[in-house]
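> build me a model:
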Amino acid sequence: DETKTPAKETSGDSRYCQICYENETTPDPSLGRRGTSLFLAASHLDEDVARVNADVKHDGITTKFKVPINDSSNLTFYTGMSDGMIRIDQYLNVGMVNIANQYLDMLYHRALNPVSDLSIRAYSGITDINFQLPVIRATSPTATTTSIEYPCYPESASGLELQHNWLINEQNFFIWGFDLRRAVGELPRYSTFTTVTVFSSPAGTQTINVYNNSINERYTGNTSALYIQDEFKPNKQLTLTMGARYDNHSIYGSMLSPRLGMVYNLKNHPTVFKASAGKAFRAPDFSELYNQQYFLAVLVQKQEGKELIPEEITSYEAAVFHQLNKKTTGRITIFRNKMEHLIDFPFTAFAFTGTTFKPIKREYFNQSSAETKGLEIGLEKSLTDNLFASLFYTRLNIDDNNNIPYIPDSKISLKLNYNPVDNLEMGLNGTKIGERRSIIATVLPSYSILDAYLKLRLSDTVSLSVIGRNLLDEDYEEGPNFMTLQRQSVQLRIRCEL
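Have a look, this model is predicted:
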C-alpha cells in the first residue's frame with residue numbers, strides 16, 4: 001500500500017551465524033618455543049528486507065596469525081575473503097549486485113630499544129562488483145526497449161605504511177611515518193549513441209542520445225603521505241600535542257592536515273581542561289571523479305573542466321572535566337565544525353513539462369558547505385556499589401544554509417549498568433533523537449530508542465548474552481526513502497571456550 005509511509009511497511013527476517021576459533025601457545029624458552037596465536041572466524045548472513053523487497057546474503061572468513069620472530073619483534077598476518085549479494089525484487093525481479101572481496105594484511109613490529117619502536121604494514125585487497133541490471137531505453141516518444149546488462153567493476157587497493165615511535169625524553173614523545181597507497185578501478189565508458197526524437201511540436205523538437213553498451217575504462221590513483229606528531233610535557237600539569245600530515249595525490253593534488261591539542265590538569269584540583277583544533281579532508285573516489293550514470297535513456301558524461309576537489313572540514317573543540325565527588329564526574333564540551341566543498345549531486349526526474357523534456361541526471365559537484373556547532377553536557381555517577389548511571393545531552397546549532405540532512409538538533413542518552421554479582425551484568429540504554437530535516441527539507445519528528453542487555457557467565461568456559469534492540473519498535477526515517485534499519489530484535493549469544 002503506497003499510501004502508507006514507508007516506515008509502516010518495514011518487516012522481514014534475518015538469520016546470522018558466526019563461528020570463531022582461537023588458539024594461543026604459551027612461550028617456553030627452555031624448549032626454544034615462542035608463543036604464537038591463531039584466530040579464525042566464519043560468518044553467514046541471510047536477510048529478507050521486506051521494506052524494499054530485497055534479499056541480502058553475505059558470507060565471510062577472516063584469519064589472524066601472529067608469529068614472534070625474536071624477543072623484540074613479531075609478525076602478524078591478517079587475511080580474509082567475503083562474498084555478498086543483494087537482490088532488489090522491485091526492479092523487474094532481476095536487479096542484483098554481487099560483491100566479492102579478498103585481502104591480505106601483514107604487520108611487522110619491532111622494539112628497537114626501551115624508548116623506541118618501529119611498525120611496518122603492507123596490505124593488498126581486491127574487490128569485484130558484478131551487477132545484473134534491467135535497462136530501459138527510449139527508442140521513440142512512445143516506445144522503449146528492455147534488456148539485461150551485466151556490468152563488472154573490479155577494484156584493487158594496496159599500500160605500505162611505516163611508523164616510528166620515539167620517547168626522546170620525559171618531556172617529548174615523537175611520532176613520524178609515511179604512507180604510500182595505490183588504488184586501481186574500472187568504471188563504464190559509453191562512446192556510441194543513437195539520436196532519438198522524444199518530443200516534436202510546432203514549438204520545436206526535443207531529442208536525446210541513446211547510448212549503447214559500455215566498455216570499462218581503467219583509472220589509477222596514487223597517494224604518498226608524510227606525517228609527524230610531538231607530544232610535549234613542559235610540566236606535570238600541561239601536555240601539548242602538535243602534528244601535521246601532508247598528502248600528495250596523483251589526481252587531486254596535495255593537502256595539508258594540521259592538528260593542535262592541549263590538556264591541562266589543575267594542580268591539586270580534580271579539574272581537567274582540554275582543547276583541540278584541526279583540519280582534515282576527504283578525497284573524491286573514482287565513482288565521484290569519473291561517474292557516468294544513465295537512467296532510462298540519458299547518460300551524463302563527466303564534463304571537462306569540472307574536476308572535483310577534496311571535501312574539507314575544520315574542527316574546534318574545548319572541554320572541561322570535573323570530579324564532583326568520589327562517585328560523580330561531570331563534563332562540558334563545546335565544538336564547532338565547518339565543512340567546505342561538500343561533494344553532492346543535483347537530481348532531476350524523468351518527465352515532460354509542456355514542450356520540454358526533463359531527463360534524469362546525476363553528476364557530482366563541489367556544490368555546498370555547512371557549519372555545525374553545539375554543546376554537550378555529561379554526568380557519570382555510581383549510584384551504589386553495583387549500579388552505575390550516565391546521562392549525556394547534546395544540543396546542535398545547525399547553519400540555516402546547511403545542506404546535510406538527517407542531523408538532529410538534540411540528543412539525550414541515559415545508560416544504567418547493574419552488576420548484582422560477579423558473573424552477572426545487565427543494563428538499559430535509552431536514547432532520544434530530536435527533530436531533523438529530511439532531504440526534501442521536511443522537518444522529521446523526534447523518536448526514542450530503548451536497548452537492553454544481559455550477560456551471564458554460566459561457568460569458567462561458558463557464557464550467555466541476551467541483547468535487545470529497539471524494544472519499543474520505534475519507526476523513524478534515517479535516510480531518503482529509507483526507514484528504520486534496526487527494528488525490534490532480540491539476539492541470543494553463547495560463547496564456549498574449549
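
> surely residue 158 meets residue 220?
No. The criterion here is Cβ atoms under 8 Å, and residue 158 misses it with residue 220 at 11.5 Å. Backbone N, C-alpha and C define where each C-beta goes, glycine included.

> please identify which of the two sits among more neighbours.
residue 158 (16 against 12; other Cβ atoms under 10 Å).

> mind telling me what element that one is part of?
strand 152-167 (DSSP states H and E).

> name every strand pairing with that strand and say which way it goes.
strand 116-138 (antiparallel), strand 172-189 (antiparallel) (DSSP bridges).

> strands of the stretch 151-300 of the chain, start to end?
Here the stretch 151-300 of the chain has its strands, by DSSP state E, counting those that start in this stretch, at 152-167, 172-189, 193-201, 204-211, 215-232, 238-249, 253-265, 271-282, 293-295, 298-300.

> among those, which is nearest residue 79?
Within the strands of the stretch 151-300 of the chain, the stretch nearest residue 79 is strand 152-167; the backing value is 14.2 Å (Cβ to Cβ).

> quick one: residues in contact with that closest one.
115-131, 173-188, 216, 286 (Cβ atoms under 8 Å, 6 or more residues apart in numbering).

> going by neighbour count, which of these are buried?
117-118, 120-121, 123, 126-127, 129, 173-174, 177, 179, 181-188, 286 (16 or more other Cβ atoms under 10 Å).

> residues in contact with the residue positioned nearest the centre of the chain?
By Cα atoms, centre = their mean, the chain has its centre lying nearest to residue 282, at 12.4 Å. Shown in contact with residue 282 (Cβ under 8 Å, 6+ apart): 310-311, 313, 343.

> after the helix or strand harbouring residue 420, which helix or strand is next? Please name it.
Per DSSP H and E: residue 420 is located in strand 410-421. Using DSSP H and E, the helix or strand that follows strand 410-421 in sequence is strand 424-433.

> parallel or antiparallel, which strands does the helix or strand following that following strand pair with?
Sequence-wise, the next helix or strand downstream of strand 424-433 (DSSP H and E) is strand 436-437. Its sheet considered, strand 436-437 pairs with strand 443-444 (antiparallel) by DSSP bridges.

> for the strand it pairs with, the distance to its chain's centre please.
Mean C-alpha position of strand 443-444 versus that of the full chain (Cα atoms, centre = their mean, to the nearest Å) differs by 24 Å.

> mean confidence for that strand?
What strand 443-444 shows for mean pLDDT is 81.

> how about stretch 252-270?
So the average pLDDT for stretch 252-270 ends up being 91.

> mind listing what's buried in that stretch?
252, 255, 257, 259, 261, 263, 265.

> stretch 307-315 too?
Buried, per 16+ other Cβ under 10 Å, within stretch 307-315: 308, 310-315.

> if you look at the residues you listed, which of them are in strands?
Using DSSP state E, 311-315 are the members of the buried residues of stretch 307-315 that sit in strands.

> in the stretch 1-150 of the chain, where is pLDDT below threshold?
1-13, 28-34, 49-54, 88-94, 134-145 (pLDDT under 70).

> all the strands of it, residue numbers only.
Counting by DSSP E, counting those that start in this stretch, the strands of the stretch 1-150 of the chain are 12-24, 37-49, 54-70, 73-88, 95-113, 116-138, 144-149.

> out of those, nearest to residue 454?
strand 12-24 (19.0 Å).

> what comes into contact with that closest one?
35-51, 489.

> sheet-wise, list the partners of it with their directions.
Checking strand 12-24 against DSSP bridges gives partners strand 37-49 (antiparallel).

> ok and the strand it pairs with relative to strand 73-88, angle-wise?
Relative orientation of strand 37-49 and strand 73-88, computed by axes from the mean of the first three to the mean of the last three Cα atoms, to 10 degrees: 10 degrees.

> now strand 37-49 against strand 54-70, angle please.
Using the same axes, to 10 degrees: strand 37-49 against strand 54-70 is 170 degrees.

> which residues are contacting strand 37-49?
12-25, 54-66.

> repeat for stretch 428-438
So stretch 428-438 is contacted by 405-416, 443-453, 476-477, 480 (Cβ under 8 Å, 6+ apart).

> could I get the buried residue list for that stretch?
Result for stretch 428-438 [16+ other Cβ under 10 Å]: buried residues 428-430, 432-434, 436-437.

> between the two ends of that stretch, how far is it?
29 Å (Cα to Cα, to the nearest Å).

> mean confidence (pLDDT) on it, please.
pLDDT averaged over stretch 428-438 gives 89.

> do the same with stretch 377-393
Here the average pLDDT along stretch 377-393 is 95.

> put the alpha carbons of it into PDB.
Extracted C-alpha coordinates of stretch 377-393, given in PDB (Å, rounded to 0.1, in the frame of the first residue of the first chain):
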ATOM      1  CA  ILE A 377      26.900  18.000  28.900                       C
ATOM      2  CA  GLY A 378      27.600  14.700  30.600                       C
ATOM      3  CA  LEU A 379      27.300  13.300  34.100                       C
ATOM      4  CA  GLU A 380      28.500   9.900  35.300                       C
ATOM      5  CA  LYS A 381      27.700   8.600  38.800                       C
ATOM      6  CA  SER A 382      28.000   5.400  40.900                       C
ATOM      7  CA  LEU A 383      24.600   5.200  42.500                       C
ATOM      8  CA  THR A 384      25.600   2.200  44.600                       C
ATOM      9  CA  ASP A 385      28.500  -0.200  44.600                       C
ATOM     10  CA  ASN A 386      26.800  -2.200  41.900                       C
ATOM     11  CA  LEU A 387      24.700   0.400  40.000                       C
ATOM     12  CA  PHE A 388      26.200   2.900  37.600                       C
ATOM     13  CA  ALA A 389      24.500   5.600  35.600                       C
ATOM     14  CA  SER A 390      25.500   8.100  32.900                       C
ATOM     15  CA  LEU A 391      23.500  10.900  31.300                       C
ATOM     16  CA  PHE A 392      24.500  12.900  28.200                       C
ATOM     17  CA  TYR A 393      22.800  15.800  26.500                       C
END
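
> OK, contacts around residue 336?
315-317, 371-373.

> need the max-distance pair from those residues.
317 and 371 (14.4 Å).

> for residue 392, state which of the contacts of residue 336 is nearest.
residue 317 (15.3 Å).

> residue contacts, that closest one?
Contacts of residue 317 by Cβ under 8 Å, 6+ apart are 274-277, 333-336.

> and the residues you listed, which of them are buried?
Members of the contacts of residue 317 classed as buried by 16+ other Cβ under 10 Å are 274, 276, 333, 335.

> list the residues that contact the first one.
Spelled out, that is residue 274. 261-264, 317-321.

> can I get these in CSV with distance to residue 394?
CSV is the format used below for the contacts of residue 274 (distance: Cβ to Cβ, whole Å):
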residue, distance to residue 394
261, 21
262, 23
263, 22
264, 24
317, 13
318, 15
319, 13
320, 16
321, 16
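
> and the residue nearest to residue 410 when sequence neighbours are not counted, backbone torsions?
In this structure, residue 410 finds its nearest non-sequential neighbour in residue 434, 3.5 Å apart by Cβ to Cβ, 6 or more residues apart in numbering. Backbone torsions of residue 434, given as degrees, to the nearest 10, read phi -80, psi -170.

> next one: residue 170
phi -70, psi -20.

> contact partners for it?
Contacts of residue 170 (Cβ under 8 Å, 6+ apart): residue 233.
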